[in-house]
Each structure stands twice: as structure tokens, then as C-alpha cells.
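In: Okay, sequence plus prediction incoming.
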Protein chains: 2
Amino acid sequence: MRIKFHEQLDDLTNQLALMCHLAGEAIETATDALVQADLPLAERVFDLTEQIEQLHGPCEEQAMALLALQAPVARDLRQVVTGVHLVTDLSRMGGLAQHVAESVRRRHPNHVTSGETEEILNRMGRAATALAGLAEQVLRTHDPELATELGRRDDELDDLHRRLLTLIEDPTWPGSIPAAVDATLLGRFYERFGDHTVVVGRRVIFLVTGEPLSP
Amino acid sequence: MRIKFHEQLDDLTNQLALMCHLAGEAIETATDALVQADLPLAERVFDLTEQIEQLHGPCEEQAMALLALQAPVARDLRQVVTGVHLVTDLSRMGGLAQHVAESVRRRHPNHVTSGETEEILNRMGRAATALAGLAEQVLRTHDPELATELGRRDDELDDLHRRLLTLIEDPTWPGSIPAAVDATLLGRFYERFGDHTVVVGRRVIFLVTGEPLSP
């Protein structure tokens, strides 16, 4: 019974890591779509987020079944409850990648953004992709040091976000107001994507150590 | 044992409703602060979100204790797992209200926004406050019809959000690019606040009926 339980828990862990992998692929592809104004790439993002959502329900059901049938305690319980949370975080990461892709589709065949603004957003996209890759490793290894590293790496994304807003608000910025609105929202999507990877890290630290998440 | 369990579950329900109440008060106060450019009101929001965060940890611990000690099944299990999710949703609603208040503090003593833009944001704030009030009722009553109503009411908030973006992007809009950035972010915060109340509703429907959340 216990062996079966741990097999199912490993299976849940693998599914969560796969959701994270897909979210990373989605944000990378959305960023490629953004800088290339490439509609087929944007549509590929919708496929990826659809795949994430197809894992969402089964993962939640599996976590519920583990709670109902096995009544886990201590670390096992923390792992299942963390899994319940992670499904939501990872699904939201997919949703944010989808928002980037929707922006590309809305402005196609034009570029959503250009010049230095596009360059910073591109760098935000690469940083977000790297964070998703690291979060996937954290989910697979449950390594609390790697999990802590997510917070540090996210600081780089936050720096880029501040640079983006400073750039847009500079009186010499050449863009229009609709371009400012788009860039503001895109910056926010990437920033939130990064925040969610940090939360993934903190949840894994809770799983391993029992230390609560907040503040 | 079962009676004690249901007492503790009722206690968790009350705490969640209180978190929702505080989130509603936070978004209302943040909106007052926004339209009056009132710094003490903005600071009141930070107190409210601090109160929400003080409930966050204990609610999660209580849910974990209910799972560990009582091994609930069926609807009881759904209610505890839903509680685990709701803590995160409600905390995030507080965080979004805080973002509105931070925007007020950053631009003080100036208004963040003005004219028709401020008027629409004010209406978004009132709609968000009403949604939080309804969500609190849903948390207290577990009434699935009221829960469904949250989705309908949120459509009004989404309409206001679309009107806001159309207004800002109109070539005759009198604001600057920094004003557009602020209004874009504020609109997004209110929209997301509303989305979270809808998720609260869908979680309560899951609790009552066992129907999964997605898509």
C-alpha cells in the first residue's frame, strides 16, 4: 500500500514537472512569436497551454485520490497539498504565456513592440524561460538550494521590468499610447510568470522543510 | 470526533469569509484612496492586507491539521482542499488591492488618474467591491446559484475594463504615457481581482457538487 502510494506520488511529481516544462516551452515560444511577429508560433502557444490544461484536472483528481484513499501524514501530506497548489501555479504560468501569444495575434501582421522595448521584453522572455527550466529541476529534485536560487534569478527579471517601465515613461520614448499599453501588459505578464516560479520554489521548500510560505 | 471536525471546518469557513471581507474592504478603501489621492486611506489598505496575511498562515495550518488528524473523505475532503486553494485566492485579492494603494502612494500628492479614466476606474473599484461582498456571501452560504452569479457580475467588470482600454487608446485621450501605464496597470489589478472572485465561486461549486473547476 505504501509502495503504491509513493509510486502514485512520484507519478504526480512527474506530471507537475511536465506541466512546468510545457509552461517553459509556452513562454519561450510566445517570446519567439513576439519578436518575430509570427502567428503560427503564437498558435503553437495555444496548443501548449491546451496540453497544460489537459493535465490540470487529472493532477487535481490524483491529489484528491491520494488524500482520500491514503490519508498521508507529515512530509507525504505536505507533498500532496503542495501538489494541489502547484497545479494552480503551473496552470497560471501557462495562462500568462497565452496572454503574450494573444497580444501577438491581436496585432498581427504588425509587431506588438519594437526597438529597445522589444529587446527588453525579449530578454524578459528569455529570463522567464530560464526560470521555468530551473523550476522544473526544482520540482524533479526537491532541492531546497535550487529552490532558493529561483528567488535570486527572479530579481534579474524584476530589474528588466523596472528598466522597461523607465524606458516607456521616458519623454524621448518613440512609441504611441497603444504601444505603451501593450508593452506595460507584456511586462506585467512576464513579471507575474517569474513570480509564480518563485512561488513554486517556496512551495518545494515548504514540502521539504515544513517551513511556511508567508510572508 | 466528527462534531469537533465540523466545528473546526466551520471555523476555517469563518476565517476564509473574514479574509474575503477584508479583501473587499481593502479594494474599496484603495479605490477611495485612488479617487481622492488620499495617502492615509492608501496606508489603511496596507493595514488591511497585513491583517489578511496574518490569517493566511493559520488558515493553511488549520487545513493541514484537518487533513492530517481527521483524514476526511468525500465532501468534507473537498471542503478542506477547497479551503487550501481559497487561502491563496483571497490572499492574492488582498495583494491586488495593495497594488492599487501602492500606485496612489507613488504618485501622491498628485492623482494617479483623472477625468473619464478615473471615473471608469472608480466604477471598476465599486464593481470589484461588490464582487468581494458577493464572494463573502458565497463562502458563508456555499450557495451554488450565488456562486454562478459571480461569473455574470464579473462580466460587468470586464466590460468596464474593455471600455478603459478603448478610452486610453483613443487618439483624443488627453493623458501622458506614464498616465497610460498607470491606468493600464490599475485596470489589470481590478480585472484580476474580479477573476479571483469568480474562481472563489467555482471552487465553492466544486465543493458542493464535486464538479471540477476547469476549463
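Out: Thanks, I have it.
In: C-alpha only now, for contacts and for neighbours.
Out: Will do.
In: How many neighbouring residues does A:Ala180 have?
Out: Counted with other Cα atoms under 10 Å in any protein chain shown, the neighbours of A:Ala180 add up to 25.
In: Please apply the same query to the one 10 residues further on.
Out: Under the neighbour criterion other Cα under 10 Å, A:Tyr190 is assigned a count of 29.
In: ok, it touching A:Met124?
Out: Yes: counting by Cα atoms under 8 Å, A:Tyr190 touches A:Met124, with 6.4 Å between them.
In: per-residue pLDDT, the residue positioned nearest the centre of chain A?
Out: Chain A has A:Met93 as the residue nearest its centroid, 3.4 Å off, counting by Cα atoms, centre = their mean. Here, the pLDDT recorded for A:Met93 equals 98.
In: pLDDT (mean, whole number) over the helix or strand harbouring A:Met64?
Out: Secondary structure from DSSP states H and E places A:Met64 in helix A:39-70. Mean pLDDT, computed over helix A:39-70, is 96.
In: Can you list the buried residues in the next helix or strand after that helix?
Out: Next helix or strand after helix A:39-70 toward the C-terminus (DSSP H and E): helix A:74-107. Of the residues in helix A:74-107, A:76-87, A:89-105 count as buried by neighbour count, 16 or more other Cα atoms under 10 Å in any protein chain shown.
In: likewise stretch A:27-41?
Out: Neighbour-count burial for stretch A:27-41, counted by 16+ other Cα under 10 Å, picks out A:27-35, A:37-39, A:41.
In: which one of those is nearest B:Leu67?
Out: B:Leu67 lies nearest to A:Ile27 out of the buried residues of stretch A:27-41, by Cα to Cα, at 35.2 Å.
In: Look up how far chain B lies from the closest one.
Out: Applying Cα to the nearest Cα, to the nearest Å, the value for A:Ile27 to chain B is 20 Å.
In: Local confidence estimate at that residue?
Out: 98.
In: Skipping its backbone neighbours, what lies nearest it in space?
Out: A:Ala97 (4.7 Å; Cα to Cα, 6 or more residues apart in numbering or on different chains).
In: try A:Val112
Out: Leaving aside its sequence neighbours, A:Val112 sits nearest to A:Val104 (Cα to Cα, 6+ apart; 6.1 Å).
In: Report the contact partners of that neighbour.
Out: Listed by Cα atoms under 8 Å, 6 or more residues apart in numbering or on different chains, the contact partners of A:Val104 are A:33-34, A:37-39, A:42, A:111-112.
In: Including distance to B:Ala183, could those go into JSON lines?
Out: As requested, the contacts of A:Val104 are exported to JSON lines (distance: Cα to Cα, whole Å):
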{"residue": "A:Ala33", "distance to B:Ala183": "27"}
{"residue": "A:Leu34", "distance to B:Ala183": "23"}
{"residue": "A:Ala37", "distance to B:Ala183": "26"}
{"residue": "A:Asp38", "distance to B:Ala183": "29"}
{"residue": "A:Leu39", "distance to B:Ala183": "28"}
{"residue": "A:Ala42", "distance to B:Ala183": "27"}
{"residue": "A:His111", "distance to B:Ala183": "23"}
{"residue": "A:Val112", "distance to B:Ala183": "19"}
